[in-house]
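Student: Turn this into a structure:
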Amino acid sequence: MAHNFALQPLLELMQERTDEASRRLGQLIAAEQNSRQQLSMLEEYRNEYVERLRQATQAGTTRQIIANYQEFLRRIEEAIEQQTKQVRQSESNTLRGQQHWRTQNTRLKAIDTLAIRHEEKLRKHEDKKAQKLLDEFTTRKFSTPKEDS
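Tutor: Now for the predicted structure:
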């Protein structure tokens, strides 16, 4: 006879919350990676543009063209600065997501441990019950005299 674990609804709720925290953490990690990739692309673009400016300067380009390059580089630097802030924010969000997942997972493990102990207790009880029945059967079998025909 199976006895229900009284905390089963809580165990299921904690499993759902842990699963949701895992999904959310995955989203946060993906967002952080995306932010880092965008930052990397901006930095690469800036480096390419710096090289173009260097080549244009060596080729003897007009001041207006050099000023345009410098203005564009300034805007790229602003974009890099903004994206760097975005990366930091994403890192912070990911850290909070990791902490939330750890908290949920710790709670789940605690309830799961109680469920395992409950199952072990039930199993021991059932084993004792089965042993008692076996002992009674054995005692009856050997204590009743056999009738000879």
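Student: What distance do you get for Gln70 to Glu43?
Tutor: 18 Å (C-beta to C-beta, to the nearest Å). All C-beta spots, glycine's among them, are computed from the backbone N, C-alpha and C.
Student: Compare those two (neighbour count), which wins?
Tutor: Ranked by neighbour count (other C-beta atoms under 10 Å), Gln70 and Glu43 place Glu43 first, with 14 against 11.
Student: And for the more buried one, nearest residue in space, chain neighbours not counted?
Tutor: Once flanking residues are discounted, Glu43 sits nearest to Ile80: 6.2 Å by C-beta to C-beta, 6 or more residues apart in numbering.
Student: cool, and Asn93?
Tutor: Leu28 (5.2 Å).
Student: In terms of secondary structure, what does the helix or strand hosting that neighbour contact?
Tutor: In this structure, Leu28 sits in helix 8-58 according to DSSP states H and E. Packed against helix 8-58, as judged by 3 or more C-beta pairs under 8 Å, 6 or more residues apart in numbering; DSSP states H and E, are the following elements: helix 63-143.
Student: who's in contact with Gln38?
Tutor: Gln83, Gln86 (C-beta atoms under 8 Å, 6 or more residues apart in numbering).
Student: Repeat the analysis, applying 10 Å as the threshold.
Tutor: Ala79, Ile80, Gln83, Gln86, Val87 (C-beta atoms under 10 Å, 6 or more residues apart in numbering).
Student: Whichever of those residues end up buried, select them in ChimeraX.
Tutor: In ChimeraX syntax, the buried subset of the contacts of Gln38 is picked out as below (16 or more other C-beta atoms under 10 Å):
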select :80,83,86,87
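Student: Give me the most central residue, this structure.
Tutor: By C-alpha atoms, centre = their mean, the chain has its centre lying nearest to Ser22, at 3.6 Å.
Student: ok, and the closest non-adjacent residue to that one?
Tutor: Trp101 (6.1 Å).
Student: what's the burial count for Thr10?
Tutor: For the record, residue 10 is Leu, not Thr. 15.
Student: Before we move on, what's the pLDDT of it?
Tutor: At Leu10, the model reports a pLDDT of 90.
Student: The one 10 residues further on too?
Tutor: With respect to pLDDT, Glu20 has a value of 98.
Student: For it, grab the count of nearby residues.
Tutor: 13.
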